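Engineer: predicted structure and sequence below. I'll ask about it afterward.
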Amino acid sequence: MAVLSKEEAKQIIDKVLAFSKADETSANLNGSRTGNIRYARNSVSTSGETTNLSLSVTSVFGKKSGTATINEFDDKSLEKTVRRAEEIAHLAPDNPEYVGMLGPQNYLDIKSFAASTDAINPDFRAEAAFKSIDPCAKKDLTAAGYWEDSTGFAALGNTKGLFGYNAATSVDFSITVRTNDGLGSGYAVRDVNDVSKLDVALATEVAIQKAQASSKAKALEPGKYTVILEPTAAVDLLQNMMGSMDARNADEGRSFLGKKGGGTRLGEKLFDERVNIYSDPQNLEIPGSPFGGGGGRFAFGGGGSDGRAQEKVVWVENGVVKNMYYSRYWAEKKGVKAIPPPSGFIFAGGNESLADLIKGTEKGILVTRLWYIRAVDPQTLLYTGLTRDGTFYIENGVIKYPVKNFRFNESPVIMLNNLEAAGKPMRQGGNLVPPLKIRDFTFTSLSDAV
Amino acid sequence: MKRRDFMQMTGMGMGALMLPSVPIFGNTVSSEHLLEPGIDVALKKRYADIALNATKSKGATYTDVRIGRYLQQFVFTREKQVQNIVNAESFGVGIRVIANGTWGFSATSDVTSEGIAKCAETAVAIAKANSKFQKDPVVLAPQKGVGDVTWKTPIKKNTFEIPTAEKIDLLMKVNGKAMENGAGFVTSNIFSVNEQKYFASSDGSYIDQDIHRIWPTFTVTAIDKAAGKFKTRGALSSPMGMGYEYLDGLASEKIAGPNGTVGYRSSYDMVEDAILAAKQAKEKLTTKTVLPGKYDLVLDPNHLGLTIHESVGHPTELDRVLGYEANYAGTSFATLDKWESKKFNYGSKLVNIVADRIQPHTLGAVGFDDEGVPAKEWDIIKDGILVNYQAIRDQVKIIGGKESNGCCYADNWDSVQFQRMPNISLRPGTEKRSVLDMIKGVEKGIYIIGAGSYSIDQQRYNFQFGGQVFYEIKKGEIVGMLDDVAYQSNTQEFWNSCSQICDKDDYRTFGSFFDGKGQPSQISAVAHGSATTRFDGVNVINTGRKI
């Protein structure tokens, strides 16, 4: 049984902590059942299911810490793991940045578990694949897709009395549809906690339409264009920017948030005043994790959460940088609150749909997806990458024709200064991101790729 | 929630390492535990036979069994302190079968007779269940069984036997020297991997392999607080299929380059490189910015390796060409019709690209791949013409091949093996030519060392690469450093602009330790050899911006 209840998890953690002889001990217990199905060329290529239940024990003596993990849960194994973590700690060098463990925390109640997703079985996955392959095959198109669902829990506790538990489910689905002459390609990607909110056939239909509409693209000269970035395209650049909001790097002068002469740009207006970015673990559309730090998506982790409670945080308000995230060590050194990196962010938008944004555009390019994005200059957050799977020319409020893919070189900081409009946000990769209309977006070359 | 623990590195100033995260397999243990022997080879054979018999009795027509113990040690430091030491062990069995003409795979960490028999039955059941989707039955290229054989990476010093304290001492020295020479910050790491894997198949092979890899690396950052500027320079090491002897820093393996630069073959002087890195990072703070335009590029092997990886390695993977990676990594411009024509000019006549799994000291070197095919060497591009692909047993029939190229790999016992890149290398030039000789002939050019930012489209036409250090060449001489350099080109155009290649004395390998592919994603390690090479009239852009 990989997914334990709160009581079952607490029982194991309490047992582990009772074996402790160290100054401080913490235990992270994670369990999941993950299933997937992958297909290409209109045929299933692989499918599988993995269950995993893993315990990680960290023991600390003074400023020396050691971690051991195990997948066996009888008393003897648990005790052995605690002893092993203690041995590793004794042998470890002092960590001058060690900060003592947290006491009990008030964790928010987060609805990240859906029974519908928990109930997914191999037949359900096969059916999802069929719903996606079948319409493509019937239209003489080729589908390649990937479905992964997960149901699991995370629990943590320590000898200072902290305990937390959260169960969560997730589904990630993506589909690429290509025309058989190789001239058109379309894509759709969806992520949900509750599988009943995922319409595979509808997502596939979006990819089909893009594949058919993107065929026989015309070449436009590279240069600066007004673009409409669909949420799938916008999220990557925004996520990269959010991943660079670490306070220590800014204080050390090696971040886009570092300032001439030293110090940081916290409190400075860095973006258009309509830019508002926050995180809210209790948002019903993108429920996050109740605890963060260490295991946060944007931080150096791997050993599970350090137990900090996630709460609502405003990162950018009216274009002004309001918060950065901290390790506990750096926050203590700076005498500030140790805000952990968020598990997902919300870019506040308006009510306009993508169609509305297109309608209001005299001349521009609709970008449906960006690909192979890499940092070029961390100083300015300049990124390069390409458009993919459907790029279109807009004239007088309508999509005129498909255009060949471009390479871009652009910074999300510059991009968010050139904001023209933000539409209604939709979920993308655990974030809420609106379609964005941006002027002077920099395309530097053309690509022949379809 | 994910199957594996991924250490997120983004907050560590490790951008130059080209990895978003570092995967850790299995359980974390003590470093001493990594030295304990795995199970005896006779027992592995007994377990393998249990699986082979169980699947056969359930109707499998082919079976392979991989009993794997995967060990990792990763040491992370910054400035004067150790950030983390991870010792991890992952042990289990993966069983792959063909039943009803369809693949099935199952894996278990329960390495007992009962556990293996049950896992074997599950693999057959999955194959049978999946067969209802199968349009064409799987056909494997024949592979004669090789009986009981062993293969070991020829290492001199087992990295796992070197005390952790010795590794920390080295990294502290690296960090200290970098700081003394102008670095504001430095992170340094040693990644080491040992795959102890046993492969058995219904073809009659029982192959025991012991594979070692190591990657020492660092990033130094120089800061100008007054100007609000920072610059980084990453290590010019290469990940290698070697033991700790790679860090001996032998003078005989160094190649002196222009302006005090050093190229490293199969021995690396990490401290020396850190000192130079700090000085160069500092120099980059005040160096002149590049004027965009066409330049002749002189590309060092430690830079060119990544360009080879992206623009030749990935597009010639047969699974990409066929569309199996369409939803993720993408497809390829190097389509079958281009190969069939025997006339597709991938590059100029000088361009000879070879695939192999046998070059000593490389990441790709093995005795056998993960479906029991002996390691070999074959041409991908011959005299500029596309002549072959990278293929595995169930693909090679598509290109009329009679045997697999031996490109099958799984990153752990619980991952299903699939087509991964072998070493892909550019053969050195046949005429005697040093780097200085090459630079002498360039009127207006840039000499680029080290891999930097990299991006390429999903069919591998259009790419953009940065670097670590850029030197401006004017009238045959280096006149100083440049900054904000990136070049953009099209794969075919770029390789056709290849006009000179240094000789074998300049040949070195570059590597990727954590190359990602597939859904769910798997990593692999792959090397790319080359000598310094010249490309004419490449478009260079200026990447400097103000925010």
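Structural biologist: That came through, no problem.
Engineer: so which elements touch the helix-or-strand element of chain A with minimal mean pLDDT?
Structural biologist: The helix or strand of chain A with the poorest confidence is strand A:291-292; it has a mean of 84 (mean pLDDT, DSSP states H and E). When contacts are defined as 3 or more Cβ pairs under 8 Å, 6 or more residues apart in numbering or on different chains; DSSP states H and E, strand A:291-292 sits against strand A:308-309. For glycine as for every other residue, the C-beta is placed from the backbone atoms N, C-alpha and C.
Engineer: run the chain-centre distance for the strand it packs on.
Structural biologist: A distance of 19 Å separates the C-alpha centroid of strand A:308-309 from that of its chain, computed with Cα atoms, centre = their mean, to the nearest Å.
Engineer: likewise for stretch B:119-137?
Structural biologist: Averaging C-alpha coordinates over stretch B:119-137 and over its chain gives two centres that are 32 Å apart (Cα atoms, centre = their mean).
Engineer: any bit of that stretch sitting next to chain A?
Structural biologist: Yes - judged by Cβ under 8 Å from any Cβ of the partner chain, stretch B:119-137 comes into contact with chain A through B:126, B:129-130, B:133-135.
Engineer: of those residues, buried ones?
Structural biologist: Of the members of the residues of stretch B:119-137 next to chain A, the ones counted as buried by neighbours, 16 or more other Cβ atoms under 10 Å in any protein chain shown, are B:126, B:129-130, B:133.
Engineer: among those, which are located in strands?
Structural biologist: When DSSP state E defines the strands, the subset of these inside them is empty.
Engineer: pairing partners for the least confident helix or strand of chain A, with directions?
Structural biologist: Strands adjacent to strand A:291-292 in the sheet, as given by DSSP bridges, are strand A:308-309 (antiparallel).
Engineer: hmm, who's touching the partner strand?
Structural biologist: Counting by Cβ atoms under 8 Å, 6 or more residues apart in numbering or on different chains, strand A:308-309 makes contact with A:102, A:105-108, A:290-293, A:328, A:338, A:340, all of which sit outside it.
Engineer: for A:Leu53, which non-adjacent residue is closest in space?
Structural biologist: The shortest distance from A:Leu53 to any residue other than its chain neighbours is 4.1 Å, reached at A:Gly31 (Cβ to Cβ, 6 or more residues apart in numbering or on different chains).
Engineer: name whatever forms a beta bridge with that neighbour.
Structural biologist: Where A:Gly31 sits in a bridge, its partners, by DSSP bridges, are A:Leu53, A:Phe153.
Engineer: which positions in the stretch 101-250 of chain B make contact with chain A?
Structural biologist: Within reach of chain A by Cβ under 8 Å from any Cβ, the stretch 101-250 of chain B has these residues: B:103, B:105-106, B:109, B:126, B:129-130, B:133-135, B:164, B:168, B:184-185, B:221, B:223, B:225-230, B:232.
Engineer: hmm, try it at 10 Å
Structural biologist: Proximity of the stretch 101-250 of chain B to chain A is assessed by Cβ under 10 Å from any Cβ of the partner chain, with B:102-107, B:109, B:122, B:126, B:129-136, B:164-165, B:168, B:172, B:184-185, B:221-232 identified as the residues in range.
Engineer: among those, which are in helices?
Structural biologist: Using DSSP state H, B:122, B:126, B:129-130, B:164-165, B:168, B:172 are the members of these that sit in helices.
Engineer: mind putting those residues in a markdown table, pLDDT and distance to B:Tyr198 included?
Structural biologist: Compiled in a markdown table, those are given as follows (pLDDT from 0 to 100; distance: Cβ to Cβ, whole Å):
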| residue | pLDDT | distance to B:Tyr198 |
| --- | --- | --- |
| B:Thr122 | 93 | 20 |
| B:Ile126 | 89 | 22 |
| B:Ala129 | 86 | 28 |
| B:Asn130 | 83 | 26 |
| B:Thr164 | 93 | 28 |
| B:Ala165 | 94 | 32 |
| B:Ile168 | 96 | 33 |
| B:Met172 | 98 | 38 |
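Engineer: mind giving me TSV with the residues you listed and columns for distance to B:Val298?
Structural biologist: What follows is these, written out as TSV (distance: Cβ to Cβ, whole Å):
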residue	distance to B:Val298
B:Thr122	55
B:Ile126	52
B:Ala129	56
B:Asn130	51
B:Thr164	40
B:Ala165	42
B:Ile168	38
B:Met172	35
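Engineer: pretty sure A:Arg125 is in a strand, no?
Structural biologist: No - secondary structure of A:Arg125, determined by DSSP: H, G, I helix; E, B strand; the rest coil: helix, with no strand assignment.
Engineer: next, count neighbours for it.
Structural biologist: 21 (other Cβ atoms under 10 Å in any protein chain shown).
Engineer: name the element the residue lying closest to it once chain neighbours are set aside belongs to?
Structural biologist: With sequence-adjacent residues excluded and distances taken as Cβ to Cβ, 6+ apart, A:Arg125 is closest to A:Ile37, at 4.3 Å. Element membership for A:Ile37 (DSSP states H and E) is strand A:24-40.
Engineer: for that strand, packing partners?
Structural biologist: helix A:6-18, strand A:43-61, strand A:64-70, helix A:75-91, helix A:122-138, strand A:141-158, strand A:163-179 (3 or more Cβ pairs under 10 Å, 6 or more residues apart in numbering or on different chains; DSSP states H and E).
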